[in-house]
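Got a predicted model here, sequence first, then my questions.
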Amino acid sequence: MNISVPYIQLIVLAVIAGTLMSCNPKQRKLITESPTEMNRVSTTRYEIVEQARNTVGAGYKYGATGSSKFDCSGLVYSLFLAQDIALPRSTDAMSSYGEEIKLHEVKPGDLIFFRNVRKIDHVAIVSRKSPTRTWLIHSTTSRGVVEEVLEESHYWKTRVDQCRRIIPLAESEGTAYVK
């Protein structure tokens, strides 16, 4: 049986196309989604956000900094420490580090602090930003480590106290896009 070269090329293309079409639609979206300038960050910020995403689903435990359970400041503390950035262990002490910025200026890797009536009592890390939405990763007492949109949570958006930039934007180590 004599098979022509164009016929073999057609079969190879069909196999490749079939493989690509069978990929998970969510994965295709991530690959084809164009990065926005708002989410262009240093590689250190990128690593912190990616590690934070790996903790989503972990449980909450007061005082914990481990891989399976965290409290809010323990999560942030451990993520930054993994990048050789030492922060204080408590939320209140952490809230005086870095540069204070406005909420509309936050980028992935920045921190948002929340206040109850008396004091700052919660911290979250910004995982993504758009002109109208701010995604956070944080450890909550009721749900453990979650990623959610600040503007869609009446509880959290009304408690924002301040935002802090620990890692300067002018870092010269290269950049990546956070999706």
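Happy to help now that I have it. Predicted, not measured: the structure shown is a model, and the values here were computed from it.

any weak-confidence spans in the chain?
By pLDDT under 70, the weakly predicted segments of the chain are 1-41, 170-179.

do that again at 80, thanks
Scanning the chain for pLDDT under 80 picks out the ranges 1-41, 67, 169-179.

ranges for the helices of it?
Along the chain, counting by DSSP state H, helices occupy 5-21, 25-32, 43-55, 72-81, 91-94, 154-157.

what's the longest strand in this structure?
Longest strand in the chain, counting residues (DSSP state E): strand 120-129.

quick check, distance from it to the centre of its chain.
Put simply, strand 120-129 sits 10 Å off its chain's centre (CA atoms, centre = their mean, to the nearest Å).

cool, and stretch 112-120?
21 Å.

ok, the residue lying closest to Lys61 once chain neighbours are set aside - contacts?
Among residues not flanking Lys61 along the chain, Lys69 sits closest, at 3.9 Å (CB to CB, 6 or more residues apart in numbering). (Each C-beta comes from the backbone N, C-alpha and C, glycine too.) With contact set as CB atoms under 8 Å, 6 or more residues apart in numbering, Lys69 has these partners: 58-61, 144.

Weed out the non-buried ones from those.
58, 60-61, 144 (16 or more other CB atoms under 10 Å).

re earlier: quick check: neighbours of the longest strand of the chain in the sheet, parallel or antiparallel?
Here strand 120-129 has these sheet partners by DSSP bridges: strand 111-115 (antiparallel), strand 134-140 (antiparallel).

Show me the residue sitting in the middle of the protein in space.
Ser127 (2.7 Å; CA atoms, centre = their mean).

and it, how far is that from Gly59?
As judged by CB to CB, to the nearest Å, Ser127 and Gly59 stand 19 Å apart.

what does Tyr77 give?
Per CB to CB, Tyr77 is found 17 Å from Gly59.

what does Leu136 give?
Distance of Leu136 to Gly59, given as CB to CB: 18 Å.

Ok, Val146 next?
Distance from Val146 to Gly59, by CB to CB: 11 Å.

okay, the strands paired with strand 120-129 in JSON lines with mean neighbour count next?
Formatted as JSON lines, the strands paired with strand 120-129 follow (neighbours: other CB atoms under 10 Å):
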{"stretch": "strand 111-115", "mean neighbour count": "22"}
{"stretch": "strand 134-140", "mean neighbour count": "23"}
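
what about Val106, neighbour count?
Residues lying near Val106 (other CB atoms under 10 Å) number 21.

excluding its backbone neighbours, what's nearest Trp135?
Distances taken as CB to CB, 6+ apart put Arg128 closest to Trp135, at 4.0 Å, once the chain neighbours are dropped.

Verify the stated contact: that neighbour with Pro108.
Yes - the pair Arg128 / Pro108 is scored as a contact, 5.9 Å apart, by CB atoms under 8 Å.
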